[in-house]
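Asker: Test case, fold it:
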Amino acid sequence: MAVTSKELLNIAVEAVDDKKAMNIVALDLQGVSLIADYFVICHGNSDTQVQSIATEIRKRVQEAGAVIKGIEGMNSARWVLMDLGDVVVHVFHRDEREFYNIERLWSDAKIVERV
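Answerer: As a prediction, the model looks like this:
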């Protein structure tokens with residue numbers, strides 16, 4: 001059974017929340033961009049926390065039977081980008097999140113409210 005983009009979104013959000021990621025934002029990009037259906041953006045306060053958040057996402061996505069298309073930035077742990085297909089997860093170190101301000105770049109996207 002294939003994992004839907006909404007299910008992937010929920011898996012990613014639960015994983016980052018469980019690892020105490022800060023300022024979790026999910027953006028609905030449907031109708032705004034062809035890149036993905038959703039972005040999840042969050043940050044950790046240390047390199048170790050950033051790596052822990054990304055590792056938890058990878059574990060849960062694989063447990064759900066979904067394929068991770070790519071992961072970049074795990075070694076430096078300043079900005080980990082995870083391509084889950086229809087969901088892209090950005091796990092920033094606090095300082096980089098403030099600098100890049102991804103939410104501003106995608107301000108046309110709607111924020112997905114947590115249920």
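Asker: Now do the contacts for the residue nearest to residue 20 when sequence neighbours are not counted.
Answerer: Using C-beta to C-beta, 6 or more residues apart in numbering and skipping residues adjacent in sequence, the residue nearest residue 20 is residue 49, 7.3 Å away. For glycine as for every other residue, the C-beta is placed from the backbone atoms N, C-alpha and C. Going by C-beta atoms under 8 Å, 6 or more residues apart in numbering, residue 49 touches 19, 20, 21.
Asker: What subset of those is buried?
Answerer: 19, 21 (16 or more other C-beta atoms under 10 Å).
Asker: Grab the nearest non-local neighbour of residue 47.
Answerer: Excluding the flanking residues, the one nearest residue 47 by C-beta to C-beta, 6+ apart is residue 77, at 3.8 Å.
Asker: SS state for that neighbour?
Answerer: Three-state call for residue 77 (DSSP: H, G, I helix; E, B strand; the rest coil): coil.
Asker: who's in contact with it?
Answerer: Residue 77 touches 47, 48, 50, 51, 54, 93, counting by C-beta under 8 Å, 6+ apart.
Asker: can you redo those as JSON lines with pLDDT?
Answerer: Converted to JSON lines, the contacts of residue 77 look like this (pLDDT from 0 to 100):
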{"residue": "47", "pLDDT": "94"}
{"residue": "48", "pLDDT": "95"}
{"residue": "50", "pLDDT": "96"}
{"residue": "51", "pLDDT": "96"}
{"residue": "54", "pLDDT": "97"}
{"residue": "93", "pLDDT": "95"}
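Asker: In strands, which of these fall?
Answerer: Secondary structure from DSSP state E places residue 93 of the contacts of residue 77 in strands.
Asker: of the contacts of residue 77, closest to residue 29?
Answerer: Proximity of the contacts of residue 77 to residue 29 (C-beta to C-beta) peaks at residue 54, which lies at 20.4 Å.
Asker: Show me how far the lowest-mean-pLDDT helix or strand in the chain is from its chain's centre.
Answerer: The weakest-scoring helix or strand in the chain, judged by mean pLDDT, DSSP states H and E, is helix 102-105 (a mean of 84). Relative to its chain's centre, helix 102-105 lies at 14 Å (C-alpha atoms, centre = their mean, to the nearest Å).
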